[in-house]
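Undergrad: Next comes the sequence, and after it the predicted model I'd like to discuss.
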Amino acid sequence: MNQQSEMECPSLPNPTDLSSTVIQYLDENFKSYDDLAKAPDLASQLTDECRKIDESLQDVHAKIAHTILEWTRRSQNIGDLLRQLALEMRTDLSHTISEGKRSKPFGRSEQTLVEELPALAREVARVEKVRIYAETTLKLEGLVGDLEDAVSGAMAANSRKQSARKILKAFDSEVVTGPEEKHLMAIRSLKDIEDVLAIVAKSRPQWSRLVTAVDVRVDRAVAVLRPLVIADYRALLTSLGWPPSLATNVGVNDQGGTPKLSNPLFEMHGNVKEQYSESFLALSTLQSVLLHRKARQLDQFNYEDSSVGKSEAIKNKLGFHETLWSIEELVSQIASRAEYHFSKWTAKPEFIFALGYRVTQEFVDTVDNALQPLLDKARLVGYSAREEWVSAMVYMISTYLARRVFPGLVMSLVGKASMQARRTWLHLIDLIIAFDRQMQVLVVRSGIGLSGKENTETLGVSVNILELRISCMSVFCDRPDWLELWADTELKDAQEKLKGELETERAWTTNTKTDFLSTFNSQLTLENAHTNFVFSTREDYKAPSGAESVIATTWAVVNRCRTLPVAFLRFNFVRSAAAPILAEYLDFLLQRCQEAEALTALADDEAMAKVAISINAARYCEYIVKEWCEDIFFLELQLAQESKRREETGTDIMAGVHSEKQIGNIVDLNGSVFDKEIENFKQFQTEWLAKFMTVILRGFHARCREYVRNKKQWQEKVKESAEEIKTADGIANGDGSEVSISLALVDALDVLQGQLKNLKQVLNDVDFMDLWRSLASGLDQFLFTNIILSNAKFSNYGVRQFEADMHALFHIFKPFCVRPTGFFLHLSDSLRLLGMPSADVKHLLKILHGPSLAIKDDKDDPKLKCLRQCGIRKISAGDVEKILRQRILIG
């Protein structure tokens, strides 16, 4: 009986041979045993639906065939007309040529043909354009139809896949379904459409309406296709066990280190690996096609909108970089699991960065080795799997910090921030800086340059987009108020560290490399003096140790902002956090100098040394900051500021974007980041060196007042021995006697020499050189005006006395230069005039007393020529005549 039943009833198919759609359909219609009675009605319904579908398909085929036939007939008619036209043209042209050989004028028909040829050619070209347009339209219509059919099939296939996965899950099966052919077909159709549109947009930009119409239909299809492909990829990741568990067992592995996380991407094998590769490739290829599509649309937009300048077009391309969807899906699923751990570590952010670095570091090599070949196959030019993985992980960390960590710290810092709140903020910044450096090491570990920078250089723009994507400092790009708060916190912390240090005496001590007394007593040669001006360290500038601490602190603050991805933000940070440190130190130096001036009016050596040390500190800071400003880091900051300024004033067509031409002319930038501070340091030095000179000259004037007033001393012919002070520096007479330095000048010269000695010991060589040269010029002008031009009469002995006094003055400046007379030009010329023989004096007076000639060029003036021949270069002719007439000539 059983055997007979088996022969009468056909055997049922194997459930595994049924498609997922069939299984889903049967499950929906036969939920219980009683539903079997509906089987005949259900079969009849399915038969009717199949018949209707077949009829619709036949109608579509008939319409397509009719359309093709119609266009073929029109094309043949146009071809026949063109061939007939060409035949008639050849006939008419040959007839015209033969008539022309017989030198007969054109007839009416020939004349008409010649006049109508241009119009005929234009009509032929128009017909050809219509033909090309029609062919392109038909081709795009077919491709778009294929795309829409493929997308519809992909939607149905996606429903079948979900049903199959439910069944496999019910049977606890680990089999993963293969890639969907419909997805690949849709992506290939999309690529073919984009290839045609790219050619049309480039060669026929006037067909913008056709391109727009196609884009509208393609956008609708892509809006359905992209979520399907991403959902398929996401489901595949879930079936692989992604994301892995981020919590490992406490302990160590066999090698004695921290146990590694499980890596599903590394553990894939066989069919599973092939399926994942195809799904990854499908998603990457889709993104590649859409990226080319977006680039084509941007070019078309810039072409159609003439108001879009070059700057805006480049900015559009700079924002063109997209994160890889495949990598983004990997990281987004990790983020959902990592946020559970992060929420427990808000007060311990170092754990957040440790976990983020661990996940990034353990998966980066697998991502690079397994996914980079697939990206190359998908033709995603300029993309690196390693860079995308690292940047996505950094974005995950920075997003969490911006949402959960920074807002709480900002609230604690607003208003009267506590010391603990500032320390917490600075500790978080330390962790971010260290984390960014670790991420940068992971990016460049493969030995390949940063692709983000190379991409922007091909666009002619010096902007490294990758720096923005692999830095947690990017949280400050959208929150300038946080950046300002950070700069203020850094400044307060630096000020508190320096305040205690600068108030100690140790901060104002200097350790010079050479001993002044030995240098001074050995009478420095020119070569040794030149060597002292090759500065490199604080000791060379004789600056106090506090200046070095200020410079080190400022440099440390500057280094804190180096990982900020935008140059203009770095400029704002440096101006807000680093520059005030230098300004405050200058205020401290000014306060010390004012205190010393108020107490003693710079009359004693201790006060002058105190001011000199402050000048040295200013000189050292100025030199170091100038060196900083020549670094490329600070040049980029100044360039960013210049571009921002031009953007605000509307004078820069490339505002906000640094072109290669601008980078090439970076040496032409005016100013630097620390222009204001450098100028203030210079002004401080100039002001207090001028006060030094004023104090020294005022003291010299007071001590030699009697010496200057006593005009009769220059008329004396004999001096008593009681009025002489014998010195080794006396100048020999013509008769063998010696002339000593005037007693009234000795004290002034002694004090001047002592002051110069002290200043040489404590003041840096550059400022001391400026000081003694200015003093020499001031003394030269003072003595020349108050003695030589004071109508004093000079006897021969008076001349020798004045010469002895001046040589004593010159001798004080001998350690600082080889020929000090070169810095006392008026006195040197005066001594030369007073020492001239009587005959030369009379001859020179005769020339100077002669008539003046109207000469355009002073070089041809005989009076000036005579003075130059006599070695007189500084004193005017009128003053020379006055000085010569003050000589008491004998005979």
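TA: Received the coordinates, thanks.
Undergrad: mean confidence for the host helix or strand of L864?
TA: Per DSSP states H and E, L864 falls inside helix 862-869. Per-residue pLDDT over helix 862-869 has a mean of 72.
Undergrad: try stretch 676-691
TA: 95.
Undergrad: what's the answer for stretch 387-399, then?
TA: 93.
Undergrad: Any buried residues in it, and which?
TA: 387-398 (16 or more other Cβ atoms under 10 Å). Heads up, the C-betas are built off the backbone N, CA and C, glycines and all.
Undergrad: Dump the C-alpha coordinates for it into PDB.
TA: The C-alpha trace of stretch 387-399 is given here as PDB (Å, rounded to 0.1, in the frame of the first residue of the first chain):
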ATOM      1  CA  GLU A 387      45.200  56.300   6.300                       C
ATOM      2  CA  GLU A 388      41.400  55.800   6.200                       C
ATOM      3  CA  TRP A 389      41.400  53.400   9.100                       C
ATOM      4  CA  VAL A 390      43.500  55.600  11.300                       C
ATOM      5  CA  SER A 391      41.600  58.700  10.400                       C
ATOM      6  CA  ALA A 392      38.200  57.000  11.100                       C
ATOM      7  CA  MET A 393      39.500  55.900  14.500                       C
ATOM      8  CA  VAL A 394      40.700  59.400  15.300                       C
ATOM      9  CA  TYR A 395      37.400  60.800  14.200                       C
ATOM     10  CA  MET A 396      35.600  58.300  16.600                       C
ATOM     11  CA  ILE A 397      37.800  59.500  19.500                       C
ATOM     12  CA  SER A 398      37.500  63.200  18.700                       C
ATOM     13  CA  THR A 399      33.700  63.000  18.300                       C
END
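Undergrad: Flag the shaky bits of the stretch 301-450 of the chain, pLDDT-wise.
TA: 302-321, 416-417, 446-450 (pLDDT under 70).
Undergrad: Now with 80, please.
TA: 301-321, 415-418, 445-450 (pLDDT under 80).
Undergrad: show me where it has helices.
TA: For the stretch 301-450 of the chain, the helices defined by DSSP state H, counting those that start in this stretch cover 310-318, 325-342, 349-377, 385-400, 406-413, 419-444.
Undergrad: looking at those helices, which is closest to D879?
TA: When these are compared by Cβ to Cβ, helix 310-318 sits nearest D879, at 64.2 Å.
Undergrad: The residue lying closest to L483 once chain neighbours are set aside: neighbour count?
TA: Of all residues not flanking L483 in the chain, F476 sits nearest, at 4.4 Å (Cβ to Cβ, 6 or more residues apart in numbering). Neighbourhood size, F476 [other Cβ atoms under 10 Å]: 27.
Undergrad: does F476 really touch L564, like I thought?
TA: Yes. Contact status for F476 versus L564: in contact at 6.6 Å, counting by Cβ atoms under 8 Å.
Undergrad: in stretch 192-211, what counts as buried?
TA: Neighbour-count burial for stretch 192-211 [16+ other Cβ under 10 Å]: 192-194, 196-198, 200-201, 207, 210-211.
Undergrad: Report the two of these separated the most.
TA: So, the buried residues of stretch 192-211 by Cβ to Cβ: farthest apart are D192 and W207, at 17.6 Å.
Undergrad: Quick check: F406 vs T424, distance?
TA: 11 Å (Cβ to Cβ, to the nearest Å).
Undergrad: swap in C866?
TA: Applying Cβ to Cβ to C866 and T424 gives a distance of 83 Å.
Undergrad: can you check R234 too?
TA: Distance check for R234 against T424: by Cβ to Cβ, it reads 38 Å.
Undergrad: what does I397 give?
TA: Counting by Cβ to Cβ, the gap from I397 to T424 is 18 Å.
Undergrad: Quick one: neighbours of F280, just the number.
TA: Count around F280 with other Cβ under 10 Å applied: 27.
Undergrad: quick one: it and L374 touch, right?
TA: Yes. Counting by Cβ under 8 Å, L374 is a contact partner of F280 at 5.3 Å.
Undergrad: list the buried ones in stretch 21-41?
TA: In stretch 21-41, the ones that count as buried by 16+ other Cβ under 10 Å are 23-24.
Undergrad: Skipping adjacent residues, who's closest to L236 in space?
TA: L236 sits nearest to S279 (Cβ to Cβ, 6+ apart), 5.0 Å away.
Undergrad: K139 contacts I193, doesn't it?
TA: No. Using Cβ under 8 Å as the test, K139 is too far from I193 to be in contact (9.3 Å).
Undergrad: just to revisit the earlier point, burial measure for the residue nearest to L236, as a count.
TA: 23.
Undergrad: does it sit in a helix or strand, and which one?
TA: Counting by DSSP H and E, S279 is found in helix 270-304.
Undergrad: wait, what's in contact with the residue lying closest to L502 once chain neighbours are set aside?
TA: The spatially closest residue to L502, leaving aside those adjacent along the chain, is G546, at 5.0 Å (Cβ to Cβ, 6+ apart). By Cβ atoms under 8 Å, 6 or more residues apart in numbering, the residues touching G546 are 498, 501-502, 507-508, 617.
Undergrad: Distance check, G546 against N559.
TA: 20 Å.
Undergrad: And the next helix or strand past the helix or strand harbouring S189?
TA: Assessed by DSSP H and E, S189 sits inside helix 181-203. Scanning forward in sequence from helix 181-203 by DSSP H and E, the next helix or strand is helix 208-240.
Undergrad: Pull out the buried positions in that next one.
TA: 210-211, 214-215, 217-218, 221-222, 225, 228-230, 232-237, 239-240.
Undergrad: Need the residues that contact the helix or strand following it.
TA: Later in the chain than helix 208-240, the nearest helix or strand by DSSP H and E is helix 264-267. The contact list for helix 264-267 (Cβ under 8 Å, 6+ apart) reads 240-242, 244, 276, 363, 366-367, 370.
Undergrad: from the chain's centre, how far out does helix 264-267 sit?
TA: 39 Å (Cα atoms, centre = their mean, to the nearest Å).
Undergrad: Kindly format the C-alpha coordinates of that helix as PDB.
TA: Provided in PDB are the C-alpha atoms of helix 264-267 (Å, rounded to 0.1, in the frame of the first residue of the first chain):
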ATOM      1  CA  PRO A 264      37.700  38.500  12.300                       C
ATOM      2  CA  LEU A 265      39.200  40.100   9.200                       C
ATOM      3  CA  PHE A 266      42.400  38.100   9.700                       C
ATOM      4  CA  GLU A 267      40.500  34.900  10.500                       C
END
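Undergrad: Can you list the residue ranges for strands in the chain?
TA: 731-732, 738-739 (DSSP state E).
Undergrad: Return the member of the ones you listed having the minimum mean pLDDT.
TA: For those, where the average pLDDT is lowest is strand 731-732, sitting at a mean of 38.
Undergrad: any idea how far stretch 742-759 is from the chain center?
TA: 56 Å.
Undergrad: what residues does it touch?
TA: Outside stretch 742-759, the residues touching it (Cβ under 8 Å, 6+ apart) are 516, 520, 605, 608-609, 612, 692, 696, 699-700, 703-704, 706-707, 710, 713, 723, 725, 741, 768, 771-772, 775, 801, 804-805, 808-809, 812-813.
Undergrad: Can you tell me, leaving aside adjacent residues, what's nearest to L140?
TA: V214 (5.3 Å).
Undergrad: Next, the contact list for the one you found, please.
TA: 140, 144, 193, 197.
Undergrad: Quick check: the gap between the third one and M185.
TA: As defined by Cβ to Cβ, I193 lies at a distance of 13 Å from M185.
Undergrad: now the helices for the stretch 701-850 of the chain?
TA: 705-709, 743-762, 765-783, 796-812, 825-834, 838-848.
Undergrad: Give the other helices and strands that the shortest one contacts.
TA: Counting contacts by 3 or more Cβ pairs under 8 Å, 6 or more residues apart in numbering; DSSP states H and E, helix 705-709 is packed against helix 743-762.
Undergrad: contacting residues around T424?
TA: 409, 412.
Undergrad: do you know how far it is from Q58?
TA: 76 Å.
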